[in-house]
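Colleague: Got a predicted structure plus its sequence, pasted below:
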Amino acid sequence: MSQYFDLTRRKFLKSSATIGALVLGTCFVGAAPRVMAGILTKSSESAKEANLFVALRPDGIVEITCHRSEMGQQIRTAIAQIVADEMEASWDKVVVIQGKGDLKYGDQNTDGSRSIRYNMQRLREMGASVRYLMRQAAATRWGVSIDSCSAQQHVVSHSSGKTLTYAELVNDVLTITPPETDKVPLKKRSEWRYINTAMEHIDLKDIVTGKAIFAADVLEPKALIAMVIRPPVVGGKVKIFDAKAAKAIDGVVDVVEIPTPKGAPFFQPKGGIAIVAKNTWAAMKGRRALTVTWDDGKNGDYNSEAFKESLLATVASPQTSIREVGNASSILAKSTDKLVADYYAPHLAQAPMEPPCATAMYYKDRVDVWAATQNPQADMQTVAAMVGLPKEKINVHVTMLGGGFGRKSKPDFSAEAAYLSMKTGQPIRVQWTREDDIQHGFYHAVSAQHIEASLDKNGAIEAYLHRTAFSPITSTFQEGATKAGSFELRLGFTDNPINTPNMKLENGEAPAKARIGWMRSVSNIFHAFAVQSFIAEAAYKAGRDQKDYLLETIGPDRILDVTEQHADYDNYGGDKTVYPLDIARLRQVIEKVADMSKWGRKLPKGRGLGIAAHRSFLSYIATVIEVEVSEKGDLKIIKSWSSIDAGTVVNTDTVINQVQGGSIYGLTAAISDGITFDKGRVQQSNFHDYRVPRMSDSPLEIDVEIIQSDAPPAGVGEPPTPVYAPALCNAIFAACGKRIRQLPIGDQLRA
């Protein structure tokens, strides 16, 4: 039995304080509610929400609850750093507890690079509240002013030399009414101990020693294993099936049909037939023995090549205007010397190293789910709809995730497990294989981009037209949706930073014949690829250096307010006065990465440098890549450099890791064969035909420098990805003169 199943209320009470513990707010750990010790904030609801994350035990151990999912981005470490810093906790006395799905935490969706941005302030306030209470308790016991008491590393000291540890003060604090969190003074930046430093991953030892629990490690002795054969075409359903041979396999217990969803996909299972068995091998053999005839439905005609041509045809003609300034159409119509380019990027799969997996136990009045999920609240809602219970009755326990990249925020796999447990009356673990994940995912949208520009006599862009068309994510939630949502267009399209007096941005419609979902950096991937590739093409046409022309094209330092032409621009949910689109910060990362890479140096024949820069998730990043292209067309990435301004950062080591990992993820977008369809079916199945970068594909070094900033924290996990493909393709052109406008690169260098 795994530690997740072992974490019952009884066992929790043995390991945690039940009497005399300082607990701020109501929290949950595993399956057990935190024991309230008489302290609750009595201020506003927002203040109550801020105090959900900390418990100080009588022995002085600090339990910090992480309400976001850990999938390699070290959010558990970062949340602990923030709280421990403000409360002046000794790091060796900090324990991180994984929070389960619960609405009291507010947003728990670990995507969109929002975890620190959404939570840093309230986490700081909560930590500072504990420090304040410790000082107040000591001051009361000593009969002195709180201002004469200071707290450092789990100890409160008085100017007289007297000291008390946090453990000695817990009972005293229980008699004090906590202050409103937003009234407690926070530390100055110069006083930070843990924030903005490089600290070791708090789970590192457990991960490398095999003690960390991932979804497939959740082993309940009575649990059966299920593997599902799903409709190969989205919207398809079972016509007939023969389970005789499958049931004859030793170890197979049952064969259960999962209903086909109606309407828009949402996060529902695709349907299909589940083989329920005593072990994974029996489930796999039973699935192979099952005979199924499918009704493919309306998407059985989906073909990637035909769809590609239709998208390119769409962007070749005028579409719906999204943002317009000046008179770009008129100037371009009169121009006799235009630069025109079409760009294309295929479907992509998130392809986390750990395929989806969930275990569920259905009871008549509730369901317990253990899942590798990025969004336990989405699991609550999806499972509830699947089994016909209120979402409050769905208990979602979050395991460690072996990667997510957006795939695991869509909990169809949890719903499968819950449904099968309901039907069999047994705990069920649904295990996806690599093939399941590649062939039955929520794919990054295929896209086509058309860009035209007219250059003035000095080579500057005087008029710019950009059309984009892609299957929208809105199709996942609205049946028949063909128009991109504004949230998708503001990902590198409506916030175009090109400084020109004449600009027109247009969006074309595109149907969705597959399940479309977000992937690391979402629409920024294909928008940045087109924009940054085109700027490099314009630089070449103008006879200018790539880097110099890029700086000239984005223009002088200024705050760009695209809402003047596009009122729907939501700025990633950030207040534009707090998170303005600051061209000075974009210029700074470009200039910094140019210095890092020694831009302009003489290179051997066959080598080239490429640069790209982009703002996404409120962060600014620029990347330079050096490549070598042989006469035969063999590509070798020598090295890459990145400079990032993410505002205030918590863990500098994590930021470097995220930029390096995001760069490799961006390399996938450039060299992967992508996901293609024929007769509605995905043509790829595993890493032999859905390529992810090997060590031989990757640079030996990815140098990263962080721009130190007092600005509010922004995103880190996703911004490094969109710039990599255009920087790489720009470097390829510099090395061998071959222009790449369609991804993947594939054999284009050999043509």
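Modeller: Thanks, I have the structure now.

Colleague: The stretch 201-350 of the chain: helices as residue ranges?
Modeller: Counting by DSSP state H, counting those that start in this stretch, residue ranges of the helices within the stretch 201-350 of the chain are 204-208, 244-247, 280-289, 304-315, 328-334.

Colleague: Switch the ones you listed over to CSV; also include mean neighbour count, distance to P726 and mean pLDDT.
Modeller: (Glycine included, C-beta is placed from N, CA and C.) Formatted as CSV, the helices of the stretch 201-350 of the chain follow (neighbours: other C-beta atoms under 10 Å; distance: least, C-beta to C-beta, whole Å; pLDDT from 0 to 100):
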stretch, mean neighbour count, distance to P726, mean pLDDT
helix 204-208, 12, 33, 94
helix 244-247, 16, 48, 98
helix 280-289, 20, 41, 98
helix 304-315, 17, 18, 98
helix 328-334, 16, 22, 97
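
Colleague: Any chance of CSV for those helices, columns distance to V659?
Modeller: Shown next, in CSV, are these (distance: least, C-beta to C-beta, whole Å):
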stretch, distance to V659
helix 204-208, 19
helix 244-247, 47
helix 280-289, 37
helix 304-315, 31
helix 328-334, 35
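
Colleague: Could you say which one of those helices comes nearest to T668?
Modeller: Among the helices of the stretch 201-350 of the chain, the nearest to T668 by C-beta to C-beta is helix 304-315 (17.9 Å).

Colleague: I'd assumed I79 was in contact with L123.
Modeller: Yes: counting by C-beta atoms under 8 Å, I79 is a contact partner of L123 at 6.3 Å.

Colleague: list the residues that contact both of those two?
Modeller: F53 (C-beta atoms under 8 Å, 6 or more residues apart in numbering).

Colleague: Show the average pLDDT along whichever strand or helix holds D85.
Modeller: In this assignment (DSSP states H and E), D85 forms part of helix 75-87. The average pLDDT within helix 75-87 is 97.

Colleague: With stretch 151-168 instead?
Modeller: Here stretch 151-168 scores 97 as its mean pLDDT.

Colleague: List of residues touching it?
Modeller: With contact meaning C-beta under 8 Å, 6+ apart, stretch 151-168 is reached by 56-60, 87-90, 93, 131, 134-135, 137-138, 141-142, 144, 148-150, 169.

Colleague: Run through the stretch 51-200 of the chain and note the low-pLDDT ranges.
Modeller: Along the stretch 51-200 of the chain, segments meeting pLDDT under 70 span 51.

Colleague: Where do the helices of it begin and end?
Modeller: So, for the stretch 51-200 of the chain - with DSSP H, counting those that start in this stretch - the helices run 75-87, 115-142, 166-173.

Colleague: Out of those helices, the one nearest P712 is which?
Modeller: Across these, P712 has its closest neighbour in helix 115-142 (7.2 Å, C-beta to C-beta).

Colleague: in the closest one, what's buried?
Modeller: Using 16 or more other C-beta atoms under 10 Å as the test for burial, helix 115-142 gives 115-140.

Colleague: the inter-axis angle of it versus helix 75-87?
Modeller: Inter-element angle recorded for helix 115-142 and helix 75-87: 30 degrees (by axes from the mean of the first three to the mean of the last three C-alpha atoms, to 10 degrees).

Colleague: Number the chain from 5, please
Modeller: Happy to do that; since the first residue is 5 now, the last one works out to helix 119-146.
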